[in-house]
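1. I would like the atomic coordinates for the input below:
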Amino acid sequence: MRLIKICSVFLLVPLSLCLSLMARAEALTVEAIKKHYRGIDQMQGEAEQVKTSPLLLRPLKSNVSLRFDKGLLTWQVEGQEAWQIRFGGDGKPVFLNGGKTLAQIPANARDKLDRTVGLVRNILTMDPKLEEDFNLKLDKEFLTIVPKSEKSGVFFKSIGIQFKPNADLQSISFKTAEDETKLVFKSIKIKRL
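-> So this is what the prediction gives:
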């Protein structure tokens, strides 16, 4: 019996020390997130995309591959042609493929598409331009991004990003007045310059 008590003490001391060190670990901050994502050379991830809307009978799910490589964003929904988008110095997207589809999009919808794709790039790289039009608020590991005004030109009511404690992406949720599109990352790899 005495041996069991001694062994349990030896097991509890390292456990309590680990818990104490974890409690002292620095909380995630907006500055730490910016530092983690700025200067990224490459990012590659796999995610499940879940779209919910009152117009859908049930959530629409699909798998998405995302790659950001030296300014080239490749977005591919499983079973569809990948979109490849390059960004100019001003952050404006230039679609390298999908010309037929883009030609069918009305001008005002195309403007929203360009702004949305630019916003995704700004989020993935934590570009300083993001804070020109959006307020960023962090609560533990959940960052909420809200337009400063309706003049920002995006149709999202809010964007929520859940981070892991090491600042890696866990999920991104884009909300409009009625719809939500959420990406839940299964894997993500980042390379810096």
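
2. ok, the most centrally placed residue in the chain to Lys100 distance?
-> Geometric centre of the chain, nearest residue: Ile172, 4.3 Å, by Cα atoms, centre = their mean. Computed as Cβ to Cβ, to the nearest Å, the Ile172 to Lys100 distance reads 28 Å. Heads up, the C-betas are built off the backbone N, CA and C, glycines and all.

3. just the pLDDT at Gln44, thanks.
-> Gln44 is assigned 94 on the pLDDT scale.

4. same question for Val13.
-> Here the pLDDT value assigned to Val13 is 42.

5. repeat for the one 3 residues further on
-> Taken from the predicted model, the pLDDT recorded for Ser16 is 41.

6. again, but for Leu57
-> With respect to pLDDT, Leu57 has a value of 92.

7. where does the chain dip in pLDDT?
-> Scanning the chain for pLDDT under 70 picks out 1-26, 150-154, 193.

8. ok, 90 please
-> Applying pLDDT under 90 to the chain flags the ranges 1-28, 34-42, 68-72, 79-83, 87-134, 140-141, 147-157, 165-168, 176-177, 190-193.

9. what segments of it are strands?
-> 40-52, 60-69, 72-77, 83-87, 93-95, 134-139, 142-147, 158-163, 169-175, 180-192 (DSSP state E).

10. turn those into a markdown table, columns for distance to Lys112.
-> Shown next, in a markdown table, are the strands of the chain (distance: least, Cβ to Cβ, whole Å):
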| stretch | distance to Lys112 |
| --- | --- |
| strand 40-52 | 17 |
| strand 60-69 | 20 |
| strand 72-77 | 16 |
| strand 83-87 | 15 |
| strand 93-95 | 12 |
| strand 134-139 | 16 |
| strand 142-147 | 13 |
| strand 158-163 | 15 |
| strand 169-175 | 12 |
| strand 180-192 | 14 |
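
11. so which of the ones you listed is nearest Ala27?
-> Closest to Ala27 of the strands of the chain, according to Cβ to Cβ: strand 134-139, at 8.9 Å.

12. direction included, what does the closest one pair up with?
-> strand 142-147 (antiparallel) (DSSP bridges).

13. now the partner strand: how far from the chain's centre is it?
-> Computed by Cα atoms, centre = their mean, to the nearest Å, the chain-centroid distance of strand 142-147 equals 11 Å.

14. ok, stretch 39-53 next?
-> Distance of stretch 39-53 from the chain centroid (Cα atoms, centre = their mean) equals 6 Å.

15. please identify the buried residues of that stretch?
-> Residues of stretch 39-53 classed as buried by neighbour count (16 or more other Cβ atoms under 10 Å): Ile40, Met43, Gly45, Ala47, Gln49, Val50, Thr52.

16. excluding its own residues, what touches that stretch? List them.
-> 59-70, 77, 124-125, 169, 178-193 (Cβ atoms under 8 Å, 6 or more residues apart in numbering).
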